[in-house]
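J.: Kindly return the folded structure for what I paste below:
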Amino acid sequence: MPDHQRWDVLRSMIDAAASEGRKRVTANEYRSAIGSRQVPNQASAMPAEAVIRQLERPDVWQAVVDYIVADPASRREVLLRLSA
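T.: Presented below is the predicted three-dimensional model:
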């Protein structure tokens with residue numbers, strides 16, 4: 001599927017989700033809509049030790065920090081956990 005068609009699909013999915021009162025469209029929903037293969041959640045199959053080792057990678061740690069900084073609910077939860 002050409003890029004412009006995938007963008008059209010994504011835009012229409014976002015519009016539909018908004019009209020239904022949903023705040024997001026999942027990656028799996030989008031992949032299914034464009035006929036792409038599903039990507040398994042690799043983290044769910046990893047033991048806790050492996051997930052912790054991933055956080056030692058600078059790129060993974062930066063992605064976590066970026067997510068926390070960008071999401072107000074995450075910032076609040078992190079600060080509450082740190083202060084406990």
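J.: right, and the helix or strand after the strand or helix carrying residue 6?
T.: According to DSSP states H and E, residue 6 maps onto helix 3-19. Counting by DSSP H and E, the next helix or strand C-terminal to helix 3-19 is helix 27-34.
J.: for that following helix, the distance to its chain's centre please.
T.: Centre-to-centre, helix 27-34 and its host chain are 13 Å apart (C-alpha atoms, centre = their mean, to the nearest Å).
J.: Could you list the residues in contact with that helix?
T.: Helix 27-34 is touched from outside by 1, 5-6, 9-10, 13, 36-39, with contacts defined as C-beta atoms under 8 Å, 6 or more residues apart in numbering. Backbone N, C-alpha and C define where each C-beta goes, glycine included.
J.: before we move on, what about stretch 55-73?
T.: Counting by C-beta under 8 Å, 6+ apart, 54, 74-75, 78 sit against stretch 55-73.
J.: Which two of those have the greatest separation?
T.: Largest separation among these by C-beta to C-beta: 54 and 75, giving 21.6 Å.
J.: More neighbours: which of those two?
T.: Neighbour totals were compared for residue 54 and residue 75, and residue 54 leads with 16 against 13 (other C-beta atoms under 10 Å).
J.: distance of the closest residue in space to that one that isn't next to it in sequence from residue 52?
T.: Among residues not flanking residue 54 along the chain, residue 60 sits closest, at 4.9 Å (C-beta to C-beta, 6 or more residues apart in numbering). Relative to residue 52, residue 60 is positioned 11 Å away (C-beta to C-beta, to the nearest Å).
J.: So between those two, which is more surrounded?
T.: residue 60 (13 against 10).
J.: For the helix or strand encompassing that one, the averaged confidence score.
T.: If you go by DSSP H and E, residue 60 is part of helix 58-70. The average of the pLDDT scores along helix 58-70 is 87.
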